[in-house]
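Asker: Sharing a model that was predicted from the sequence below.
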Amino acid sequence: MRMTKVFTFLLFLFMITHVACDGNNDSGQEIKKEEEQEQEHEPEKEPEKGVDVPFAEYSLEGTSCQWVNLDFQYDFLVINSDEVLETYIEGTDYPAIDFSKQTLLLAYGFEGSGSYLDSVSLQQVSEQNYLMTVNLQMTIASVFTEWEVAIVIDKLDVESKVELNITRK
């Protein structure tokens, strides 16, 4: 008699476990089906494709000037006047920019290992949004490296926004 009770109890536990597992499996399938349906209704977003913007590199090489007041955390400046530019350059023989027609974009940073500027590009991703991409080539040297890159482009509207993207290879 005692063995029958134990067997009945074990059978009861098995049935409850089986029903509970089936219930969890069904709800998991329902959730999965709902997610699949949502994905079917939402079109996939394509990555933003921009149009390349022409620019000229701006360099202090060959002058007695140097960049100053850059804290060398990652930062990005949009400069639209001589007065602002003068706060970031020490020296007076730097190349002139016609700020009535042009804008200077200055990106700079600090790397914890050796690196050098590989390339820079600028894309217009919408009417007033731009993406400046700075590609850094990493080296095996374990030295701290400061970098900066400046480009001159056609004058930006005051509503324009430029985002900085830094890649490391």
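Answerer: Now that the structure is in, tell me what you want to look at. Residues are numbered from 1 along each chain as shown.

Asker: Any regions of this protein where pLDDT drops low?
Answerer: Along the chain, segments meeting pLDDT under 70 span 1-49, 72, 74, 112, 114, 116, 142.

Asker: mind listing the helices for this structure?
Answerer: Taking DSSP state H, the helices of the chain run over residues 2-41, 82-86.

Asker: Give me the contact list for the last one.
Answerer: Outside helix 82-86, the residues that touch it by C-beta atoms under 8 Å, 6 or more residues apart in numbering are Ile79, Tyr94, Ile97, Phe99, Leu104. (C-beta placed from N, C-alpha, C; glycine too.)

Asker: Give me the subset of these lying in strands.
Answerer: Ile79, Leu104 (DSSP state E).

Asker: between the contacts of helix 82-86, which is nearest Ala150?
Answerer: When the contacts of helix 82-86 are compared for distance to Ala150 (C-beta to C-beta), Leu104 wins out at 6.0 Å.

Asker: if I read this right, the closest one contacts Asp98, doesn't it?
Answerer: No: using C-beta atoms under 8 Å, Leu104 makes no contact with Asp98, being 10.7 Å away.

Asker: Those two: who's more crowded?
Answerer: Leu104 (20 against 9; other C-beta atoms under 10 Å).

Asker: In the sheet, which residues pair with the more buried one? Tell me.
Answerer: For Leu104, the beta-bridge partners are Ile79, Val152 (DSSP bridges).

Asker: I'd like the distance between it and Ser59.
Answerer: According to C-beta to C-beta, to the nearest Å, Leu104 stands 12 Å off from Ser59.

Asker: overlap in contacts of the two?
Answerer: Ala150.

Asker: need the contact list for Ile79.
Answerer: Ile79 touches Leu85, Tyr88, Phe99, Thr103, Leu104, Leu105, Leu106, counting by C-beta under 8 Å, 6+ apart.
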